[in-house]
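**Student:** build me a model from this:
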Amino acid sequence: MTIGDVGRSGRFSGARISDRRVAELIGMARGMIADGNLNDAEIAYLYKWLAATDGAHSDPMIGILVERLDAIFADGRVDEEERADLQDTLMRLTGSDFELGEALKSTSLPLCKPAPRVTIPDRRFCFTGTFTFGTRSACEMAIEDRGGETGGIGKATNYLVIGEYATDAWMHASYGRKIEQAVEWRSAGVPIRIISEQHWRKAL
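**Tutor:** The predicted structure is shown next:
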């Protein structure tokens, strides 16, 4: 089975996914990311499984997963950014301390308190984690369209934005490295602000 074998099905219903199906999905996702190589056949199978599972999109985090897969299958191929984004989403889904639909808790992440005023034009943003707004590319485009800059984490970064779906175990997750670096620089006096997706979206 390849990416080209699967089309947009539009068969998701409104019923809530069952606990048994959630457990099955988490087990499947763990198996897919265990070797660190998410291939096209695995992605295609996951998409078909979700299309055949009633209520798969009614849980917020699974809804994010469905949106990612819809975007991938829109052009029938997986680029490396899409693959990395999907891998990150599956890691969030299978986190040991994560519950489906659990949104970011500001007390679990080293966000700036109080939340700073966000200015977009001529400011540099870095994004990490999984976003309800869309892919990281979509988040970056939203900034660039408003006169801001985007890129990797660096001392010139003005804002590090953490995706709304995160876990209390962020230090053990792939996106935690950017956060740790930002915290270290902030502690050393670098004026980098760490903000939540929710706060960033208000600035849009």
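**Student:** for the residue nearest in space to the middle of the chain, give the beta-bridge partners.
**Tutor:** For the chain, the residue sitting closest to the mean C-alpha position, by Cα atoms, centre = their mean, is Thr130 at 1.4 Å. Taking DSSP bridges as the rule, Thr130 bridges to Tyr165.
**Student:** wait, it sits on Thr89?
**Tutor:** Yes - counting by Cβ atoms under 8 Å, Thr130 does reach Thr89; the two are 5.3 Å apart. C-beta here means a position set from N, CA and C on the backbone, and glycine is covered the same way.
**Student:** give me every residue that touches Ser137.
**Tutor:** Residues counted as contacts of Ser137 (Cβ atoms under 8 Å, 6 or more residues apart in numbering) are Glu81.
**Student:** hey, C-alpha coordinates of stretch 28-40 in PDB?
**Tutor:** The C-alpha coordinates for stretch 28-40 follow below in PDB (Å, rounded to 0.1, in the frame of the first residue of the first chain):
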ATOM      1  CA  MET A  28      -0.700   1.200  16.500                       C
ATOM      2  CA  ALA A  29       0.900   4.600  16.800                       C
ATOM      3  CA  ARG A  30       3.600   3.300  19.200                       C
ATOM      4  CA  GLY A  31       4.400   0.600  16.800                       C
ATOM      5  CA  MET A  32       4.800   3.000  13.900                       C
ATOM      6  CA  ILE A  33       7.200   5.400  15.700                       C
ATOM      7  CA  ALA A  34       9.100   2.700  17.600                       C
ATOM      8  CA  ASP A  35      11.900   2.500  15.000                       C
ATOM      9  CA  GLY A  36      12.000   6.200  14.400                       C
ATOM     10  CA  ASN A  37      11.100   5.700  10.700                       C
ATOM     11  CA  LEU A  38       7.500   6.500   9.700                       C
ATOM     12  CA  ASN A  39       7.100   5.200   6.200                       C
ATOM     13  CA  ASP A  40       4.500   5.800   3.500                       C
END
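**Student:** run the chain-centre distance for it.
**Tutor:** Offset of stretch 28-40 from its chain centre (Cα atoms, centre = their mean, to the nearest Å): 16 Å.
**Student:** now stretch 180-188
**Tutor:** On Cα atoms, centre = their mean, the centre of stretch 180-188 falls 22 Å from the chain's centre.
**Student:** please renumber the chain so that the first residue is 735 from this point on.
**Tutor:** Yes, from this point I'll number from 735; that puts the last item at stretch 914-922.
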